[in-house]
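Q: Have a look at this prediction, sequence included:
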Amino acid sequence: MSDIENRKLLISIIAGLLKDCNHVAVGASSPIPGAAALLAQELWGQPKHLNILGSVKNNFFTNGAQELFDCAAQGRIDAFFLGGGQIDGSANINLMGRGDYPNNKPRWPGTFGSAYLYMLIPKVILFREEHSKRVLVDKVEFISAPGTSDETVYRKGGPYGLLTNKAFFLFDKEKQRFNLQSVHPGSSLEDILDNTGFEFDYLADVPTTPLPSDEVLDVMMTKVAPRLKEVYPQFAEAVLAA
Amino acid sequence: MSDIENRKLLISIIAGLLKDCNHVAVGASSPIPGAAALLAQELWGQPKHLNILGSVKNNFFTNGAQELFDCAAQGRIDAFFLGGGQIDGSANINLMGRGDYPNNKPRWPGTFGSAYLYMLIPKVILFREEHSKRVLVDKVEFISAPGTSDETVYRKGGPYGLLTNKAFFLFDKEKQRFNLQSVHPGSSLEDILDNTGFEFDYLADVPTTPLPSDEVLDVMMTKVAPRLKEVYPQFAEAVLAA
Amino acid sequence: MLITLSELADKVPDGAKIAVPADYAGISMAATRALIRRRARNLHIVGVPTSGLQSEMLIAAGCVKTYESSALTLGEHNPPPAFNEAVLNGSINIVDATCPAIHAAIQASQKGAPFATLRGIIGSDILQHHPDWKVIQNPFNETDDPVVAIPAIQPDVAIFHAPLADRDGNVWVGRRRELINMAQGSKTALITVEKVTDDNLLENEEFAAGTLPSLYIGGIAHCEKGTWPLAFWQGEDENGDHIRLYKSMAKDPAGRAEYLEKFVFGEGSPS
Amino acid sequence: MLITLSELADKVPDGAKIAVPADYAGISMAATRALIRRRARNLHIVGVPTSGLQSEMLIAAGCVKTYESSALTLGEHNPPPAFNEAVLNGSINIVDATCPAIHAAIQASQKGAPFATLRGIIGSDILQHHPDWKVIQNPFNETDDPVVAIPAIQPDVAIFHAPLADRDGNVWVGRRRELINMAQGSKTALITVEKVTDDNLLENEEFAAGTLPSLYIGGIAHCEKGTWPLAFWQGEDENGDHIRLYKSMAKDPAGRAEYLEKFVFGEGSPS
């Protein structure tokens, strides 16, 4: 499976997760989630409302940079994407850095809005292409945003699942563990076990992630690529239109 | 002294109180303070910034109805005007009504922003034309906004003075009492004592309020009236241009 | 998203908490009359930060259970007869606040914050009588520093009149930012508009700066002169004669019923 | 109110707390270079809610004592070399926050409120490390309900680049409302603008809706391409080649000094 095919697969998986959403927001430097949200709109007319950071045409916020956070706190954002330099088996994410805070090495950019949005948006999809023990760790070295909270803490949102270039996991909120849902073509359960730094639940006969249909690939090329070009011209050209 | 002459006198007194201000705000239904602020601008180029509620040309707020209050809390409004159905000798004001709250008779409109602005704007000028024991009472029946506060309470603003159609008092913050400064032509110390429901300090030979000069009256007619017309056309015509 | 006035009124359930702006910001008197016609009951009005003829008429029509605001004023036409009668006989609940506290409560809801804090207010009798506010110690100050904590107010619906909507359901409110705060702080917004344009308001940066996006809006009714008999910004002037007519008729319940029959249920008003 | 760039930089004293916006909102790189030229020291930067090349360069030039924000990012050009070196050797104070808390702290200052409260954040390690925040019990809830209390941040000056000013000193910021919050929440604002118009921005209701009034502004410098080499809204594109040049030169203190000599003190930049 080529990198391009893999990315198209990721786009189609995410799109499927967004079709029950009214309003999806996509953060900075996120061409794959952005493409996925546009694909869902093209295929199902949902999400009805979409904000892609950096876009003019697909960004309706008019109340400044705080509107994303206000909107989430109002319960008006159904899905969002978070990544992390480290993600652990309890769905904690680390955007701060490796080593001891505050003198991290390396230091990553910082926590951004994750400590807030993860607590408030119902369907947060953890998305990180790299699937390795370096990223998927047993315990993050800094919790930018926690995967779970005890019941006294106000929490309307949290992790829905974790998508990498090898597999898709659902997060089981009861067990506070990831559950492997499917493995992408080209990988295997063994490959996932070898490259994941945390324990997770799985079935021995874990399904293979289905490839996007020709119809879906055609919509990516003819409908999504032209819309995504405004924000991610190189990605739209190199991946979607290829 | 005619009503018109009296009102021009009030305008000229207030204007004199505003010449050291950078930013003055004038609330609703306040033609005399509005005229005074415009007069001060015409005579001294101060206040440099002016917001007259209801005006378009003299209202620069662009952040909605909350901006007046935010601006006051930021310390960016130097002077403001408050009235009251009752004002007492401790400079407490009542905008709520007579009788027992909440079943007042009569009920007045309500407290508006007085409970906030009185605490935050350094120079609040109490202004009420009617000078009677009905209005100037010993103790208000409801404190919409207090004249004084104990020192644990955050307070950057408060009463500067009280102007009526008969006299001008300064408020002595130390003594927490009004001090009669001048009596307008046509009234007298005896008249003030007879018609004031609270005790206040005064000199036996209290000065008479000086009348506005012909030059000032001319500026009112030629410069202030045309500007005030936008908001208070009848008042501008009937009082200033007369 | 464009609906009729009566459809708009149907979206406001009995018992709803409704946020309405002050007279200078665009009052939907058209929606007010539609609410009276659908015989709305037990409304909790939040006047942001004050209200006027709109609330007076809703009280006159028996639609109101609670009035929460910083004032109810008809300006030069004061006093408001139905409101003052209701205050005196205790037939509606009154929650008296002060303007910045109403704004802060709405903005706290807009931010999803549990409560806001404000300076001022301490020493005002409204504080003792307010059912929701608390005075707390400022946790960032070691010496005595009381501050007023004001819980968020989340209305069920914000109702107002605006100059312009587009066909995608966005509404231009210009510099009346409190309307944006009210809409975002409420569960939804129902808006009457003077005009509808075929151009998308968000595609023009000048208009976008003053536009409430459709996400926050539950319905828009196209309704010219929707503020009548009140003024609208700098456009439509107040019809003072009609307000004086209301005042002259509304002195008692029978007169108010007659006014409503003629000018709300009947043909006597433009909407 | 129109002043030169160096006059503008002179209005920022050493030790000032300066608020700057995120890259998408209009960064005054022109003012940044002027601050470096005037050898500003001990600045406390508040990135609202994040910052990028602007703060990286101020750190590289030794102007910064404290960096308070939710991130410092050069986007695709990460990592920022001077910032990462300063983090590692502890040569600047870092106050790590999260975006909505920075907005809430600025908005609390804008309202003159002592502190704001926010949901979320609890469970994040930034909470333990933040020097100013406190977790308090929600006074409106009788059961356990911890909320984060965030004290107001009042910067001495907000610094940013905007599209347009008028000769009366008003500045149009369009839908970038965080710039209005920052300016009103700060003691003053110093702004560079792309263009100056002879028309008063407040006399046109479309423009007024996105205009910051002159009351809040301490100085405006007319400075075309003031965001270079960063992008400006949808107009000026980022000069990626120049940022890559910075990165290639800025690997160590000597290289950074050379960059500054050439492109800030020297003739190598448009401002």
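A: Yep, that arrived.

Q: For chain C, which residue gets nearest to chain A?
A: Among the residues of chain C, C:Gly112 lies nearest to chain A; the distance is 2.4 Å by C-beta to the nearest C-beta. All C-beta atoms are positioned from the backbone trio N, CA, C, and that covers glycine.

Q: check contacts around the residue lying closest to that residue once chain neighbours are set aside.
A: Spatially, and ignoring its direct neighbours in sequence, C:Gly112 is nearest to A:Ala73 (2.4 Å; C-beta to C-beta, 6 or more residues apart in numbering or on different chains). With contacts taken as C-beta atoms under 8 Å, 6 or more residues apart in numbering or on different chains, A:Ala73 has the following neighbours: A:Tyr116, A:Leu120, C:Lys111, C:Gly112, C:Ala113, D:Pro100, D:Leu118, D:Arg119, D:Gly120.

Q: cool, C:Gly240 as well?
A: Listed by C-beta under 8 Å, 6+ apart, the contact partners of C:Gly240 are C:His77.

Q: Same question for C:Ser55.
A: Taking C-beta under 8 Å, 6+ apart as the contact definition, C:Ser55 lies against C:Val20, C:Ile45, C:Gly47, C:Val64, C:Tyr67, C:Ser69, C:Leu72, C:Phe83.

Q: per-domain residue ranges of chain C.
A: The record assigns chain C these domain ranges, following automatic domain parsing: C:5-97+C:154-241, C:99-151.

Q: got the buried residues for stretch C:140-153?
A: Within stretch C:140-153, the residues that qualify as buried are C:Phe140, C:Asp145, C:Val147, C:Val148, C:Ala149, C:Ile150, C:Pro151, C:Ala152, C:Ile153, counting by 16 or more other C-beta atoms under 10 Å in any protein chain shown.

Q: Sorry, wrong one. I was asking about stretch C:188-197.
A: Neighbour counts over stretch C:188-197 (16+ other C-beta under 10 Å) mark C:Thr188, C:Ala189, C:Leu190, C:Ile191, C:Thr192, C:Val193, C:Glu194 as buried.

Q: if you look at those residues, which of them are in strands?
A: In strands, judged by DSSP state E, the following of the buried residues of stretch C:188-197 are found: C:Thr188, C:Ala189, C:Leu190, C:Ile191, C:Thr192, C:Val193, C:Glu194.

Q: I'd assumed C:Asp156 was in contact with the third one.
A: No: using C-beta atoms under 8 Å, C:Leu190 is not in contact with C:Asp156; the gap is 10.1 Å.

Q: Would you format the domains of chain C as CSV with mean pLDDT included?
A: Formatted as CSV, the domains of chain C follow (pLDDT from 0 to 100):
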stretch, mean pLDDT
domain C:5-97+C:154-241, 97
domain C:99-151, 97
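
Q: Could you count how many residues lie near C:Pro131?
A: 7 (other C-beta atoms under 10 Å in any protein chain shown).

Q: can you pull the contacts of it?
A: Residues counted as contacts of C:Pro131 (C-beta under 8 Å, 6+ apart) are C:Val95.

Q: hang on, it in a helix?
A: No: using DSSP: H, G, I helix; E, B strand; the rest coil, the secondary structure at C:Pro131 is coil, not a helix.

Q: pretty sure C:Leu201 contacts C:Asn170?
A: Yes: under the criterion of C-beta under 8 Å, C:Leu201 makes contact with C:Asn170 at 4.6 Å.
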